[in-house]
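**Student:** Coordinates for the following, if possible.
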Amino acid sequence: MSGAALGIEIVVVFFLALFLLHRYGDFKKQQRMVLFGTLLAWYLCFLIVFILPLDVSSVRTWWRQKSVLQLFIAHTTTTTTTYSLVPTPCYKPWSYIPKRIMPVFWRVVYWTSQCLTWLLLPFMQSYARSGGFSITGKIKTALIENAIYYGTYLLIFGSLLIYVAVHPEWHLSWYELQTIGITAANTWGLFLLVLLLGYGLVEIPRSYWNASRHGHLLIKTYFKASKLMTEKADAEENLEDVMEEVRKVSESIKYNHPLRKFIDTILRKCPVDYQEKMGRNMDDYEDFDDKQNTYPSEKSLVKLHKQVIYAVQRHNRTRVQWQILLQEAIHLEDVAKNETSSTHQFVHSFPSSEPTGWFSRYIYTPTVEWYWECLLRRWFYRVLSVVLTLFSVAVVWSECTFFSTRPVLSLFAVFIQLAERDYNYLYIEMACFITIFFLCTCVYSTVFRIRVFNYYYLASHHQTDAYSLQFSGMLFCRLTPPLCLNFLGLIHMDSAISHQQKEQTAYTSIMGSMRVLSFIANGFYIYYPMLIVILCIATYFSLGTRCLNLLGFQQFMGDNEMTSDLIDEGKELIRREKRKRQRIEDGENRRREWKERYGNQREDYTARNRSSHEMKETSYSDTVNSSNNRRESNSSRLFSTVLPA
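**Tutor:** The predicted structure follows:
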C-alpha cells in the first residue's frame with residue numbers, strides 16, 4: 001500500500017487537468033500538439049501541488065524513524081540495562097512513500113516542466129500562431145520569432161557565467177551552477193507569484209460575497225453585457241473587413257494560378273456563409289494570364305491567413321459569450337422576480353425546450369429550486385466568503401511572520417507542529433493539502449481571470465485560442481516551483497529559511513540549497529513576500545480598477561457616471577434580446593397551435609379524400625369487371641348457339 005496514494009493522485013490529477021482543458025480548449029478544432037503541450041504543463045503543475053503533502057508526511061515518518069533509532073542507540077551506549085528498554089514503535093501510514101522514489105519523481109517532474117516553459121511551449125506557441133501554409137513554413141516562422149527570445153536569455157546567462165568564471169573568490173561546481181539557475185528561475189516566478197497571490201487573497205472571498213447579492217450581481221451583468229456587445233460589434237466589423245480583403249484576393253487569383261491552393265486554404269478557415277457568398281461570385285473559367293493584374297505575394301497571404309484565423313476565432317468567442325451572458329442575465333432577472341413569490345415555486349421566463357430529466361422531475365423540483373436560488377444560495381456564499389476571508393487573513397499573517405522560528409508565529413507551521421507531536425500523519429497531509437490548495441486556488445484563478453487585451457484570454461466553453469492555452473501553461477510552470485517553496489517556508493520545512501536542523505523534503509533537495517546565494521535566501525525570499533500586505537490593501541480599495549478606469553478602460557465602479565450609463569445600456573440590450581426571444585417563442589407557439597388545431601383537420605380531410613378516391617376506384621373496377629363478365633357470358637352463349645350440337 002506504500003504507493004497507493006501516489007498512484008491514486010497521479011490518476012485523479014490527470015483527469016482534473018483533462019477536464020479543465022476540455023472546458024477551455026476545443027478538442028475537435030485545435031491542433032493535437034497544442035492540446036498535448038497544454039495538458040502536459042497543467043498536469044505536471046497540478047501533480048506537484050497534490051503530491052507535495054505526501055512528501056511532507058513521508059519526511060516526517062523518516063525523521064521520526066531516525067529520531068527513535070538515535071534515541072535507542074544513545075540509551076544502549078550509556079546504560080547497562082538497555083535491553084529492557086523497548087522504543088515506541090513508528091508505524092508507517094498508508095500514504096507512506098519510500099525515500100528513494102520521491103527524489104527521482106521530483107527530478108523528472110521538475111525538469112520536464114522547466115523544459116516545457118523555457119523551450120518547448122514558446123516554440124509551440126509561435127508555431128500554432130503562425131499563418132504558414134505548411135509545416136516547414138510554420139517551423140521557420142517559429143524559429144525566427146523565438147531567436148530573439150532565446151538569444152536574450154542566452155546573453156544574460158552567458159554574461160553571468162563569464163562573471164562567475166573570472167571572479168577570483170568564486171569556484172562554483174556544476175551542482176552550485178545548477179542551483180543558481182534554479183534560484184534565478186524561482187526568483188523571477190516569485191515576483192509574479194506575490195502579485196497574483198495578493199490579488200487572489202482579496203478578490204476570491206469578495207467575489208463570493210458579491211455573488212450572494214443578487215442586485216449587485218444583476219447590475220454587474222448589465223455592465224458586462226454593454227461591454228461585451230461593444231466587443232462583439234467590433235469583432236463582427238473586423239471579420240467583415242478581413243472577409244472583404246479575402247474576397248478581393250480570391251477574385252484576383254484564379255483557379256490555375258500557383259497561389260490558388262493558398263487561397264483555398266484560407267477560404268476553408270472562413271465561416272460557411274462567407275464561403276458560399278464568395279463561391280457564387282467566383283469565375284473560375286477566366287485565366288489569370290488574360291489580364292495583367294498585380295498579384296499578392298506568398299508572404300502577404302501568410303499574413304492574411306493569420307488575420308483570418310484570429311478574426312474568426314474572436315468572432316465565434318464573442319458570439320458564444322454573448323449567448324451565455326444573456327442566459328445568465330435572464331436567470332438573474334427570474335431570481336429577482338421569484339423572490340416575492342408566495343407560492344414558493346420557481347417560474348422561468350423562458351422554459352427549456354429540452355425534455356425534463358429525472359433529476360429535475362424528482363429531486364430539483366420547482367419548489368427546491370426556489371429555496372436554493374432565492375434563499376439558501378446567498379447564505380451559502382456568505383458563509384463560504386467568511387471562511388475564505390479567514391484563510392486569507394491567516395495566509396497574510398503567516399507570509400509576514402514565517403521567518404520567525406522562536407517563537408513560531410506562522411499559523412500553518414503551528415498546525416503542522418501540533419500534528420507532529422502526536423504523529424498524526426493524516427492530519428499533516430490534510431492540513432498541508434488544504435493550505436497549498438488554497439494558495440494554488442488564489443494564484444491559478446487569477447491566471448484564469450486576467451486578460452491582456454485580446455492576446456491572452458482564457459474563455460470557457462471551448463473558446464480559448466491556442467496562444468492563450470500555451471501561455472497559461474508557461475505561467476503555471478513558472479509559478480508552481482516558487483509557490484511550493486513558499487508553502488514549505490510557511491510550515492517551516494525549508495531549512496534555508498527557517499535555519500533549523502530538520503530532515504528536508506525530497507522536493508527541497510531537488511531545488512538545491514539556497515545558501516549558495518545568501519543574499520537571496522536570507523533577504524529576498526524572506527522579506528519580499530511581505531509585499532502581499534500592500535497588494536491586498538490595493539486590491540481591497542480597487543486601486544488597479546481605478547487606474548484602468550482613468551486610462552480609458554471602462555471598469556465596473558459603482559460611483560462612476562460612465563458605469564451608470566453602461567449599466568443602463570446593458571439593461572436595454574437585455575430587454576431588447578428578451579423581446580426578440582419572446583417574439584420567436586410566440587411565433588413557434590402560434591405555429592404549434594395552428595398545427596394542432598388545423599393540422600389534424602387537414603390530415604382528416606386528406607384521409608377522407610384518399611378513402612373516397614379509393615372507394616371510387618374500387619367501385620369503378622367492380623363495374624368494369626362485372627360488365628366484362630356479362631360480356632363474356634353473352635359471347636359464350638352466342639357461341640354455343642351458333643355451333644352445332
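**Student:** Let me see the ranges of the strands in this structure.
**Tutor:** If DSSP state E is used as the criterion, the strands of the chain fall at 451-452, 456-457.
**Student:** Give me the contact list for the last one.
**Tutor:** Strand 456-457 is contacted from outside by 450-451, 464-465, 467-468, 471-472, using Cβ atoms under 8 Å, 6 or more residues apart in numbering. All C-beta atoms are positioned from the backbone trio N, CA, C, and that covers glycine.
**Student:** one step back: of the strands of the chain, which stretch is the most buried?
**Tutor:** strand 456-457 (a mean of 17; mean count of other Cβ atoms under 10 Å).
**Student:** partners of that strand, with directions?
**Tutor:** strand 451-452 (antiparallel) (DSSP bridges).
**Student:** Contact partners for R377?
**Tutor:** R377 touches S212, counting by Cβ under 8 Å, 6+ apart.
**Student:** any idea of the pLDDT on it?
**Tutor:** Model confidence at R377, given as pLDDT, is 92.
**Student:** Any chance of the strands of the chain in TSV with distance to Y540 as columns?
**Tutor:** Output for these, formatted as TSV (distance: least, Cβ to Cβ, whole Å):
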stretch	distance to Y540
strand 451-452	21
strand 456-457	25
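**Student:** ok so, going back, can you say which of the contacts of strand 456-457 are buried?
**Tutor:** Neighbour-count burial (16 or more other Cβ atoms under 10 Å) applied to these gives 464-465, 467-468, 471-472.
**Student:** Give me the subset of those residues lying in helices.
**Tutor:** 467-468, 471-472 (DSSP state H).
**Student:** for those, which one is nearest S252?
**Tutor:** Y467 (30.3 Å; Cβ to Cβ).
**Student:** picking that back up, farthest pair in the contacts of strand 456-457?
**Tutor:** I450 and D465 (15.3 Å).
**Student:** weakest of the strands of the chain in terms of mean pLDDT?
**Tutor:** strand 451-452 (a mean of 81).
**Student:** contact partners of it?
**Tutor:** Contacts of strand 451-452 (Cβ under 8 Å, 6+ apart): Y457.
**Student:** again with stretch 564-584
**Tutor:** By Cβ under 8 Å, 6+ apart, stretch 564-584 touches 219, 221-227, 229, 326, 329-330, 333, 349-350, 554.
**Student:** follow-up on the earlier one: of all the strands of the chain, which lies closest to G137?
**Tutor:** strand 456-457 (24.6 Å).
**Student:** before we move on, the earlier item: I'd like the contacts of strand 456-457 as CSV, with distance to W358 appended.
**Tutor:** Output for the contacts of strand 456-457, formatted as CSV (distance: Cβ to Cβ, whole Å):
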residue, distance to W358
I450, 40
R451, 39
T464, 33
D465, 38
Y467, 42
S468, 38
F471, 42
S472, 37
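**Student:** So which of the residues you listed is the closest to E593?
**Tutor:** T464 (43.2 Å).
**Student:** mind listing what the closest residue to F448 other than its chain neighbours touches?
**Tutor:** Spatial nearest neighbour of F448, chain neighbours left out: L458 (5.0 Å); criterion: Cβ to Cβ, 6 or more residues apart in numbering. Listed by Cβ under 8 Å, 6+ apart, the contact partners of L458 are 24, 447-448, 464, 468-469, 472.
**Student:** If I look at L458, what pLDDT would I see?
**Tutor:** For L458, pLDDT reads 89.
**Student:** got a list of what the residue nearest to T480 when sequence neighbours are not counted touches?
**Tutor:** Spatial nearest neighbour of T480, excluding adjacent residues (Cβ to Cβ, 6+ apart): C45 at 4.3 Å. Contact partners of C45, counting by Cβ under 8 Å, 6+ apart, are 113, 476-477, 479-480.
**Student:** Tell me where the model's unsure across the stretch 301-450 of the chain.
**Tutor:** Across the stretch 301-450 of the chain, nothing is flagged by pLDDT under 70.
**Student:** do that again at 90, thanks
**Tutor:** Low-confidence segments of the stretch 301-450 of the chain (pLDDT under 90): 302, 339-366, 369, 373, 375, 399-432, 449-450.
**Student:** Please give the number of neighbouring residues around L155.
**Tutor:** 10 (other Cβ atoms under 10 Å).
**Student:** Okay, it and A142: tell me how far apart.
**Tutor:** According to Cβ to Cβ, to the nearest Å, L155 and A142 sit 20 Å apart.
**Student:** from what I can see M493 touches A506, true?
**Tutor:** No. M493 is not in contact with A506 according to Cβ atoms under 8 Å; the separation is 11.3 Å.
**Student:** Between the two, which contacts overlap?
**Tutor:** What both M493 and A506 touch, as defined by Cβ under 8 Å, 6+ apart, is the set V59.
**Student:** For the two, work out which one has more neighbours and name it.
**Tutor:** M493 (26 against 23).
**Student:** so who does that one touch?
**Tutor:** Counting by Cβ under 8 Å, 6+ apart, the residues that M493 touches are 56, 59, 416, 502, 504-505, 508.
**Student:** how about 7 Å then?
**Tutor:** When contacts are counted by Cβ atoms under 7 Å, 6 or more residues apart in numbering, M493 touches 56, 505.
**Student:** and what of Q555?
**Tutor:** 545, 548-549.
**Student:** just L531 next, same as before
**Tutor:** V194.
**Student:** Kindly report the same for R546.
**Tutor:** Contacts of R546 by Cβ under 7 Å, 6+ apart: none found.
**Student:** what number of residues lie near L192?
**Tutor:** 16.
**Student:** That one is in contact with L479, isn't it?
**Tutor:** Yes. If you go by Cβ atoms under 7 Å, L192 and L479 touch, sitting 6.3 Å apart.
**Student:** for stretch 218-233, the distance to its chain's centre please.
**Tutor:** Its chain's average C-alpha position is 21 Å from that of stretch 218-233, according to Cα atoms, centre = their mean, to the nearest Å.
**Student:** for L195, what are its contacts?
**Tutor:** L195 sits in contact with L535, where contact means Cβ under 7 Å, 6+ apart.
**Student:** Distance check, it against L535.
**Tutor:** 6 Å.
**Student:** Equivalent analysis for A466, please.
**Tutor:** 31 Å.
**Student:** Looking at these two, which one has more neighbours?
**Tutor:** Higher neighbour count among A466 and L535: A466, with 24 against 21, using other Cβ under 10 Å.
**Student:** So that one is in contact with L35, correct?
**Tutor:** No. Counting by Cβ under 7 Å, A466 does not reach L35; the two are 8.7 Å apart.
**Student:** excluding its backbone neighbours, what's nearest G37?
**Tutor:** M124 (5.0 Å).
**Student:** typo on my end, it should be I532
**Tutor:** Closest to I532 by Cβ to Cβ, 6+ apart is G198, at 4.6 Å.
**Student:** and if you look at W379?
**Tutor:** Closest to W379 by Cβ to Cβ, 6+ apart is S212, at 7.4 Å.
**Student:** need the contact list for the one you found.
**Tutor:** 378, 381-382.
**Student:** Pick the one among the residues you listed closest to G181.
**Tutor:** For those, the nearest to G181 is Y381 (44.5 Å; Cβ to Cβ).
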